[in-house]
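J.: kindly return the folded structure for what I paste below:
(one chain, ligands or ions: 1)
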Amino acid sequence: MSYDYLRVTREGRVGVIRLDRPQAHNALCNGLVAELGRALDAFDGDAEIGAIVLTGGDKVFAAGADIGEMLDRDMAGLQAEDFPFAADGGWAALERCRTPVVAAVAGYALGGGCEMAMACDLILAADSAKFGQPEVKIGTMPGAGGTQRLVRAIGKAKAMELCLTGRMMGAEEAERAGLVCRVVPAGELETEALALATTIAGHSAPVVRLIRESVNQAFEGPLQAGLTFERRAFQSTFAFEDRREGMSAFAEKRKPSFRHK
Ligand code: HXC
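T.: Predicted coordinates for the structure are as follows:
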């Protein structure tokens, strides 16, 4: 597959998608979002891929939806298309992707860019990362999960402040607030993101799927339902050969060799 707005590569069992529209600060034009959907679906359907890294450039992850493209849109059109869940399907592909996606963010992740990072399973930040929902400054508001995922990730007080003022939050603050799993020096972001994704991709894929779904239950639903889901998921790992292999390997003091990767 060829792409105009992405660079798509693979490193072992990790699929790497790099947003690559530097002249527009990786603004998420419809073409880019459509390509992202194709790239995600392709990796998600590839049994050789166990984790995905979604990244941008050194200075910008993504500066949001493409303001030029939105300028002359009207409400009826957006609603008919259910924008940003448009026919091009990239946002929906991110929602349905079952392979863990690590967002590796350097520089600006603003508006739809911040929302895209938050729609990934976890965010690894360079010390240069800046997160924000500046839509209010251009007379609109977050529309791809910003008001929802930010509140769940960092709490109402900070989310409300960021969404109402458009203030940007640096990497250290984002880590303190719980938006990102770790901050690394900018020059090490790619290596660290690949190492993180490679670790995930080295585990048993069905077990990784269950863990991911269980953590998302906690993020999205009530505690008792999540605890029940987790218990059933835990019990079901005993149906996999990989569970026996993992425990046997521990008992025999050797590395496990998982079959389902
Ligand atoms: C279209 C954009 C863009 C965007 C930057 N550019 N952001 N084009 N849509 N979101 C373009 C600029 O027009 C410019 O093009 C080039 O990228 C470089 O940008 P500059 O502003 O010159 O760079 P700089 O001074 O370094 O400032 C960087 C910045 C700023 C702070 C990131 O560009 C900025 O504030 N961008 C807009 C951020 C924003 O409001 N995002 C929310 C969008 S709404 P030229 O051709 O002039 O060189 C949104 C809604 C999401 O995301 C809801 C559904 C998905």
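J.: going by C-alpha atoms from here, please, whenever you check contacts or count neighbours.
T.: OK.
J.: show me the strands in the stretch 151-261 of the chain, by range?
T.: With DSSP state E, counting those that start in this stretch, the ranges of strands along the stretch 151-261 of the chain come out as 169-170, 182-184.
J.: just give me how far the first one sits from the chain centre.
T.: So the one you mean is strand 169-170. 18 Å (C-alpha atoms, centre = their mean, to the nearest Å).
J.: show me what from this structure comes close to the ligand.
T.: By the rule C-alpha under 6 Å from any ligand atom, the part of the chain lying against the ligand is 23-25, 27, 63-68, 84, 108, 110-112, 134-135, 142-144.
J.: of these, select the buried ones using a PyMOL command.
T.: The buried residues among the residues of the chain next to the ligand can be selected in PyMOL (16 or more other C-alpha atoms under 10 Å) with this line:
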select buried, resi 25+27+63+64+65+66+84+108+110+111+112+134+135+142+143+144
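J.: mind putting the strands of the stretch 151-261 of the chain in JSON lines, distance to residue 224 included?
T.: Formatted as JSON lines, the strands of the stretch 151-261 of the chain follow (distance: least, C-alpha to C-alpha, whole Å):
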{"stretch": "strand 169-170", "distance to residue 224": "33"}
{"stretch": "strand 182-184", "distance to residue 224": "29"}
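J.: export those to a markdown table and tack on mean pLDDT?
T.: What follows is the strands of the stretch 151-261 of the chain, written out as a markdown table (pLDDT from 0 to 100):
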| stretch | mean pLDDT |
| --- | --- |
| strand 169-170 | 98 |
| strand 182-184 | 98 |
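J.: quick check: residue 190 vs residue 78, distance?
T.: 36 Å (C-alpha to C-alpha, to the nearest Å).
J.: look at those two and report which has more neighbours.
T.: residue 190 (20 against 14; other C-alpha atoms under 10 Å).
J.: go ahead and confirm the more buried one touches residue 105.
T.: No: the criterion here is C-alpha atoms under 8 Å, and residue 190 misses it with residue 105 at 9.4 Å.
J.: dump the strands of the stretch 151-261 of the chain to JSON lines, plus mean neighbour count and distance to residue 239.
T.: Formatted as JSON lines, those follow (neighbours: other C-alpha atoms under 10 Å; distance: least, C-alpha to C-alpha, whole Å):
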{"stretch": "strand 169-170", "mean neighbour count": "19", "distance to residue 239": "44"}
{"stretch": "strand 182-184", "mean neighbour count": "20", "distance to residue 239": "33"}
